[in-house]
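1. this one's structure only:
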């Protein structure tokens, strides 16, 4: 595939940025990949594994002359980074981000970007429970959606080029406005994560069912919650603080439904439970047909023998 | 491996029973495997795929002369089956079950078993989202726990023999009393299932975020809930109706914690969120170290291209 950008600067070198490095290299999409991370340790690891072509010790240096700058830091750190790099951006450059919340990121970043720089926010809906510069892999975005979230006045050519990059990294793309993005993600990602964190926290709290029992017998269902509850705490703190309204609204709906099911259990209303549990099967089928999960039993998990 | 029982009768031919067939055959553990299922369709499929050595049209016929009878029906159907087979059981036979709740099953089944028949309840903590006679596979129990739940007066030799069978089918075994079993399972399985069903139901309800969006963007977290929310509705209805108290208690704890996190979001208390999300990471590590899940990113899911 042909090169899409000459110089690409990634600010923040976690799971998404490191996967972007691998995905861009796989298809030869960037002339030079530059990286910057706030922590010295992350920069050292990135250099050691030759993650980027160059790792800089400041964001300002990393973005100079860059044609594309992608902010890959937690949502709560976006504003500070934008303020820092603003004065060093090249005229005509595109700035994007990979934040899981869009409205607050747009509001935080836009004021710091000079005229003549194109801001095209984006959000790849892909991830694993691992984080850091070693966690990335080229296939992370394959067949997963990346949402492009143009803002008022986003340049059409710049948007088309960024879209081309994501597609060339393997992603399917869609366009949304920031508000709609934040509502959709509250349902498909933010609320499920909060619920998983809560369930794991409850299990962790219970003293009479010991930790060891919770762990030994986790394959009966609980285990599926622990993967997403092992995601990066800083990233998720920022998500909830920045998509407050939509998350609280979905949580309200969730609590309402949970209370109705709880009442059905208490009253022994088997029909209500059976109807509810039948309805939820169909949505699983839809996900598998859309190629967004595997139909292999138990997610196709390989059995792991304790050594 | 040596044969452990001569004639084994499986009542109910769903995921667990069909996996038991394959696991017993893999290691040559039974002289003859007999099956019975209430529905004609299930019996026809079982015959077509030669799941058992013989499929009978009544439970009473299936259990005659059997050395081991395993009730593999939903918890709510246990009593009726026990009543039906009671008079036909061989003196000295062992009766077991695979129900996900133990106290109510013990109370429902025991009165119908004649003297001289050994009742040793059990519960394999293994499953997938699939059901029916075609869904079984020999490896389902490998390295997963099966809980043996002896009742008052359970015969030690009969218990040892059943334990040997489960271990020979690949399982690790533990012994618990019915009450403790039901409390542990309320945490590790029943409450997580109810929560997953609820979250999937909420997503299904939302009209403004269309079904198609919920499905397309499910890889961002929601997807992990849909597998367990695709489990068999009848089985799960019966679980909640029969483990009411323990489930309602854990649900109460869950709601309490969820409200605390909800409040932290509303008040912008980032420290509370960050602390909570950090704590839940450790438990995931424990599960992986115990060999109860894979450390492969994203459960090691193979990427599925839509065709």
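-> That came through, no problem. Please read these numbers as outputs of a predicted model, since none were measured by experiment. Numbering: from 1, shown residues only, chains lettered A, B, ... in the order given.
2. which secondary structure state does the residue nearest to residue A:90 when sequence neighbours are not counted sit in?
-> Closest residue to residue A:90 apart from its sequence neighbours, by CB to CB, 6 or more residues apart in numbering or on different chains: residue A:65 at 5.7 Å. C-beta here means a position set from N, CA and C on the backbone, and glycine is covered the same way. For residue A:65, the assignment made with DSSP: H, G, I helix; E, B strand; the rest coil gives coil.
3. ditto for residue A:130
-> Recorded secondary structure, residue A:130: coil (three-state DSSP).
4. that one and residue A:15 touch, don't they?
-> Yes. Here residue A:130 reaches residue A:15: they are 6.2 Å apart, a contact under CB atoms under 8 Å.
5. these two: which has the busier surroundings?
-> residue A:15 (27 against 18; other CB atoms under 10 Å in any protein chain shown).
6. quick check: the residue of the stretch 1-150 of chain A nearest chain B.
-> Taking CB to the nearest CB, chain B has its nearest neighbour within the stretch 1-150 of chain A at residue A:128, 3.5 Å off.
7. what stretches of the stretch 1-150 of chain A score poorly on pLDDT?
-> Along the stretch 1-150 of chain A, the model assigns pLDDT under 70 to residues A:1.
8. which parts of it are strands?
-> Taking DSSP state E, counting those that start in this stretch to define them, one finds strands in the stretch 1-150 of chain A at A:5-11, A:30-36, A:54-55, A:68-71, A:94-97, A:118-119, A:122-124, A:145-148.
9. distance to chain B and mean neighbour count for the ones you listed - can I get that in CSV?
-> Listed next are the strands of the stretch 1-150 of chain A as CSV, based on distance: least, CB to the nearest CB, whole Å; neighbours: other CB atoms under 10 Å in any protein chain shown:
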stretch, distance to chain B, mean neighbour count
strand A:5-11, 19, 24
strand A:30-36, 21, 22
strand A:54-55, 23, 19
strand A:68-71, 19, 25
strand A:94-97, 16, 26
strand A:118-119, 23, 22
strand A:122-124, 9, 25
strand A:145-148, 6, 22
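10. now tabulate these in JSON lines and tack on distance to residue A:289.
-> Formatted as JSON lines, those follow (distance: least, CB to CB, whole Å):
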{"stretch": "strand A:5-11", "distance to residue A:289": "34"}
{"stretch": "strand A:30-36", "distance to residue A:289": "35"}
{"stretch": "strand A:54-55", "distance to residue A:289": "42"}
{"stretch": "strand A:68-71", "distance to residue A:289": "32"}
{"stretch": "strand A:94-97", "distance to residue A:289": "31"}
{"stretch": "strand A:118-119", "distance to residue A:289": "36"}
{"stretch": "strand A:122-124", "distance to residue A:289": "22"}
{"stretch": "strand A:145-148", "distance to residue A:289": "16"}
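11. ok, which of those strands comes nearest residue B:281?
-> With CB to CB, the closest approach to residue B:281 among the strands of the stretch 1-150 of chain A belongs to strand A:122-124: 22.4 Å.
12. I'd like to know which elements that closest one is packed against.
-> For strand A:122-124, the packing partners by 3 or more CB pairs under 8 Å, 6 or more residues apart in numbering or on different chains; DSSP states H and E come out as strand A:145-148, helix A:156-168.
13. any weak-confidence spans in the stretch 201-307 of chain A?
-> A:207-211, A:297-307.
14. ok so, going back, what is the neighbour count of the residue of the stretch 1-150 of chain A closest to chain B?
-> 20.
15. state the distance from it to residue B:153.
-> Distance of residue A:128 to residue B:153, computed by CB to CB, to the nearest Å: 50 Å.
16. what of residue A:75?
-> Residue A:75 is 61 Å from residue B:153, by CB to CB.
17. neighbour count winner among those two?
-> Neighbour count, other CB under 10 Å: between residue A:75 and residue B:153, residue A:75 has more, with 26 against 8.
18. which element is the closest residue to that one other than its chain neighbours on?
-> Take residue A:75 and drop its neighbours on the chain: the residue closest to it by CB to CB, 6+ apart is residue A:238, 4.0 Å away. Using DSSP states H and E, residue A:238 falls within helix A:233-242.
19. so which elements touch that helix?
-> Counting by 3+ CB pairs under 8 Å, 6+ apart, helix A:233-242 packs on helix A:103-109, helix A:191-205, helix B:270-289.
20. what angle do that helix and helix A:191-205 make?
-> Taking axes from the mean of the first three to the mean of the last three CA atoms, to 10 degrees, one finds that helix A:233-242 is oriented at 120 degrees with respect to helix A:191-205.
21. can you give me how far helix A:233-242 is from the chain middle?
-> Centroid displacement of helix A:233-242 relative to its chain, using CA atoms, centre = their mean, to the nearest Å, is 11 Å.
22. contact partners of that helix?
-> Residues from elsewhere that reach helix A:233-242 (CB atoms under 8 Å, 6 or more residues apart in numbering or on different chains): A:14, A:74-77, A:100-101, A:103-105, A:131, A:190, A:193-194, A:197, A:247, B:265, B:268, B:270, B:273-274, B:277-278, B:281.
23. related to what we said a few turns ago, give me whichever of the helices and strands packed on helix A:233-242 is most buried.
-> Stretch with highest mean neighbour count among these: helix A:191-205 (a mean of 25; mean count of other CB atoms under 10 Å in any protein chain shown).
24. in the helix or strand following it, which residues are buried?
-> Using DSSP H and E, the helix or strand that follows helix A:191-205 towards the C-terminus is helix A:211-216. Across helix A:211-216, burial judged by 16 or more other CB atoms under 10 Å in any protein chain shown covers A:213-216.
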